[in-house]
Each structure stands twice: as C-alpha cells, then as structure tokens.
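Chemist: Everything below, folded, please.
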Amino acid sequence: MRVTSGVILLAGLVLAARSGRTQFAYGYIPGYTNPPPVSAQVMHEEGPGLLPADRAYVNIGADKFAFVVPSGFKLEPSTGRVVTMVSADYSCQISFRLAGAVPGDESALSPESYSSKVLEDFSGAKIVRTFSAIADSRRGPAFEIQLPGPSGSSRQGRVAFIPSRAAMLEFSLVCTSEKFENACRQFSAVMLTFRASDAKGELHISPLSDKL
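Modeler: Modelled structure (predicted):
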C-alpha cells in the first residue's frame, strides 16, 4: 500500500453549511479531558481479487477509525476537529466527528433526541425525512435535510448519529441539490465501510473484493 495523501487543512470550503461552532465539547466524552489530536492519511489498496480503493485511516486521540474514500473525493481533516472529504468541484462535503458520549439509555437514541441538535448545528436546516442508518454494524437515527444556499439556491444533506465504543459519531453530507442523489450513494459507501477500533485499539478491516 502507498500513502497518497496526508493531513490537509481545510480552507475556504464552499459548502460551509454548519453554523459557527468549530470547537466541540470533547470534555464530556469518556477518556478525554481535552480536545484530542486528529491525524489522518489515505492508503491506496489494490491487488489480486481486490477492487482498487483509497482507504482513510484516522486517529482521534487513542481511537482509530477507517473508511473508504469515495471516488472523486479527497480527505481534508480540518482544525475544527472534523474529518472532512470534499468532491473535486467542492459541490459535496462528507464529514464525521465525535459528537459526545453514548447515551446509557437506548431510548435516548430516538430521532426526537437528535433532531434539535441537527437544527442547531446546521444553520437554516429543515428536516424533511427521518430514518435509520448503520455504520460499523451499529444503528442510529438519521435525518435528511434541506439547507439554504447562496443567491437563493438550495442544498440538501443527511446527518446520522451512530453509537461507538469511543463516543457518539456524527456523519454528515451536504451537497448541491442536483448532485444529491449520487452523493447519497457515496455517503452510504463511507458508512458501509466505516470501522472503529475495538477495546484493544485494533482495527478490523475487510478488503474490497472484486467478486462482490
């Protein structure tokens, strides 16, 4: 495998849909008393019986995460502790971040518990659909949203909250409306291939077979 990209600072992203908050309250996540450092790299994977793929490996403090970077996207971790991918034309943005401690009560994972958080984090958002999403074999609430864009244009997006051993994970997609359908497939691919480290700090990765 070869390294194709390292940590890149995100500057001037066109799709700055998230409201002004860039520092997140990591202090209430078990094991973290200060915002943990973020590092990332992309490794190209290929070989007999495998589909060529670029897989991102992300360290946030002591926790490790991995996922396949969709074709046409590049990884750009930002100084705001959000791991971000953007499309080549900057029309789509896919992100994930640690979003607080996992609720002890399973009922707290209801859509009602997170809808207000979506509206708070994404300025001007309107929730148009609520559904359930899966990443790393775990399920959580997800939302389809509409967002105002520049010069009266509109954007669409998805936000999903998935419990993990480390913390609640927030996945988000923001995209121009005309490219939303394809972007949703890319977003689903990220979540499908997403893996988090276990209690021993190990990642269990499944290569992409060309027989699938």
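Chemist: CA atoms for contacts and neighbours, from now on please.
Modeler: OK.
Chemist: Could I get the buried residue list for the longest helix along the chain?
Modeler: Assignment by DSSP state H gives helix 180-193 as the longest helix of the chain. By 16 or more other C-alpha atoms under 10 Å, the buried positions in helix 180-193 come out as 180, 183-184, 186-193.
Chemist: Can you spell out which helices and strands pack onto it?
Modeler: strand 63-69, strand 126-135, strand 154-163, strand 168-176 (3 or more C-alpha pairs under 8 Å, 6 or more residues apart in numbering; DSSP states H and E).
Chemist: Is it possible to get JSON lines of the ones you listed that adds mean pLDDT?
Modeler: Output for these, formatted as JSON lines (pLDDT from 0 to 100):
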{"stretch": "strand 63-69", "mean pLDDT": "92"}
{"stretch": "strand 126-135", "mean pLDDT": "94"}
{"stretch": "strand 154-163", "mean pLDDT": "93"}
{"stretch": "strand 168-176", "mean pLDDT": "94"}
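Chemist: okay, these in CSV with mean neighbour count and distance to A199 next?
Modeler: Output for the helices and strands packed on helix 180-193, formatted as CSV (neighbours: other C-alpha atoms under 10 Å; distance: least, C-alpha to C-alpha, whole Å):
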stretch, mean neighbour count, distance to A199
strand 63-69, 22, 9
strand 126-135, 16, 17
strand 154-163, 24, 14
strand 168-176, 23, 16
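Chemist: Any chance of a markdown table for those, columns distance to L203?
Modeler: Shown next, in a markdown table, are the helices and strands packed on helix 180-193 (distance: least, C-alpha to C-alpha, whole Å):
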| stretch | distance to L203 |
| --- | --- |
| strand 63-69 | 7 |
| strand 126-135 | 14 |
| strand 154-163 | 17 |
| strand 168-176 | 16 |
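Chemist: secondary structure class for the residue of the chain most remote from its centre?
Modeler: Among residues of the chain, the one most distant from the C-alpha centroid is P48; the distance is 29.4 Å, by C-alpha atoms, centre = their mean. Assigned with DSSP: H, G, I helix; E, B strand; the rest coil, P48 falls in the coil class.
Chemist: Identify the residue spatially nearest to V86, adjacent ones excluded.
Modeler: Leaving aside its chain neighbours, V86 sits nearest to Q93 (4.5 Å; criterion: C-alpha to C-alpha, 6 or more residues apart in numbering).
Chemist: Not counting its own residues, what contacts the helix or strand hosting that neighbour?
Modeler: Mapping Q93 onto the secondary structure by DSSP states H and E places it in strand 92-98. The contact list for strand 92-98 (C-alpha atoms under 8 Å, 6 or more residues apart in numbering) reads 15, 26, 81-87, 167-176, 179, 183, 187.
Chemist: just how off-centre is that strand within its chain?
Modeler: Centroid separation between strand 92-98 and its chain, computed with C-alpha atoms, centre = their mean, to the nearest Å, is 4 Å.
Chemist: After it, which helix or strand is next?
Modeler: helix 111-121.
Chemist: how much distance is there from that next one to the middle of the chain?
Modeler: With C-alpha atoms, centre = their mean, you get 16 Å for helix 111-121.
Chemist: what helices or strands is it leaning on?
Modeler: So helix 111-121, by 3+ C-alpha pairs under 8 Å, 6+ apart, packs with strand 126-135, strand 138-148.
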